[in-house]
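Asker: build the 3D model from these lines:
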Amino acid sequence: MRLGLAKVVGVAGVLAYNWWVVVPFVPGLMPSANGFFSDLEATGRPHAALMSDADLVSGVLLVAALLLRGSTARTGVRREWKWLMAFAVTGAIGGRYSYACSEGLSAACRQMEWHLQLPVHHYIHVLSGIAEFVTLTTASVLAMQRTRRDGTWEARLYSGVVKVLVVGYPFLGLVYLTDRLGTLVEPVFFIAFSAMMVGELFEPIRSRVGSPSWAERVASRPPLRDDGSHVFSPQQTELTDRGSR
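Answerer: Now for the predicted structure:
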């Protein structure tokens, strides 16, 4: 029940995170392909509050889903779990504190940003966005390392996400340096991050087979003869003989 709820809540969070998919269908919402989707959340932009709220809701839902899911995996504790939590928290913070102006669409806004002339909430959004990329990328690498020998679908997924990020980051850096085509490059990361989160939420938990208790271990021991040696059953004797050959 708890794991099922974690999946439902997590999927809802991922859907809210991907509000950007509706942008191309709203005329005039993205005036240029050179901006970033965060620019749409800037103060004064159409529907900015709605998109910021979607980021906030997404972060809260993903935090709840990760807490419900827990850090346990098939092979033990997932080291990337805390990084996923940090990703969700920073996403919620970014939704709470939006841009003061559209730095990806306005040269004047970029200049004021570099000269620290914008309100504090603008820089909180900038830092939270950077933190999202750092935390999710770290989580992806740790998940790939943890599962690289498993041969499972999630292992292939994590490996694929890391490969996409390795190829995508140089293009993202070029976009930031040139202020060009951010609308086309950024969705690659949104999709990769979403796939990573879904993989973590749906990865099976290991079967919790407990160690036998002291009483069970004592009860399973062969009985003793008068001379102190153990009395073995025919099956145990046969196994012992095979092992000594």
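Asker: how is this protein divided into domains?
Answerer: As assigned by automatic domain parsing, the chain contains the domains 2-202, 214-244.
Asker: winner for burial among those?
Answerer: For these, the largest average neighbour count (mean count of other CB atoms under 10 Å) is found in domain 2-202, namely a mean of 18. The C-beta positions use only the backbone N, C-alpha and C, and glycine is treated the same way.
Asker: distance between the ends of that domain?
Answerer: 13 Å (CA to CA, to the nearest Å).
Asker: again, but for stretch 102-116
Answerer: 15 Å.
Asker: distance from it to the middle of the chain?
Answerer: 30 Å (CA atoms, centre = their mean, to the nearest Å).
Asker: quick one: average pLDDT of the longest helix along the chain?
Answerer: The single longest helix within the chain, with elements called by DSSP state H, is helix 120-147. In this model, helix 120-147 has a mean pLDDT of 97.
Asker: okay, now the unreliable bits of the chain?
Answerer: For the chain, the stretches with pLDDT under 70 are 206-245.
Asker: residue nearest the middle of it, spatially speaking?
Answerer: Nearest residue to the geometric centre of the chain (CA atoms, centre = their mean): residue 197, 3.8 Å.
Asker: how near is the nearest residue to that residue once chain neighbours are set aside to residue 191?
Answerer: Sequence neighbours aside, residue 14 is the residue nearest to residue 197 in space, at 5.7 Å (criterion: CB to CB, 6 or more residues apart in numbering). For residue 14, the distance to residue 191 (CB to CB, to the nearest Å) stands at 10 Å.
Asker: tell me the SS of the closest residue to residue 184 other than its chain neighbours?
Answerer: Ranked by CB to CB, 6+ apart and with sequence neighbours excluded, the top spatial neighbour of residue 184 is residue 33, at 6.0 Å. Classification of residue 33 using DSSP: H, G, I helix; E, B strand; the rest coil returns coil.
Asker: got phi/psi on residue 33?
Answerer: Main-chain torsions, residue 33, degrees, to the nearest 10: phi -80, psi 0.
Asker: surely it touches residue 183?
Answerer: Yes: Residue 33 is within contact range of residue 183, at 4.5 Å (criterion: CB atoms under 8 Å).
Asker: gap between residue 184 and residue 160?
Answerer: Separation of residue 184 from residue 160 (CB to CB) stands at 20 Å.
Asker: just residue 187 next, same as before
Answerer: Distance from residue 187 to residue 160, by CB to CB: 16 Å.
Asker: likewise for residue 58?
Answerer: 22 Å.
Asker: try residue 119
Answerer: Residue 119 is 39 Å from residue 160, by CB to CB.
Asker: show me the contacts for the residue nearest to residue 184.
Answerer: Taking CB atoms under 8 Å, 6 or more residues apart in numbering, we find residue 33 in contact with 181, 182, 183, 184.
Asker: distance of the nearest residue to residue 144 once chain neighbours are set aside relative to residue 197?
Answerer: In space, and not counting its chain neighbours, residue 144 is closest to residue 158: 4.3 Å by CB to CB, 6+ apart. Distance, residue 158 to residue 197, using CB to CB: 11 Å.
Asker: and if you look at residue 54?
Answerer: Taking CB to CB, one finds residue 54 at 15 Å from residue 197.
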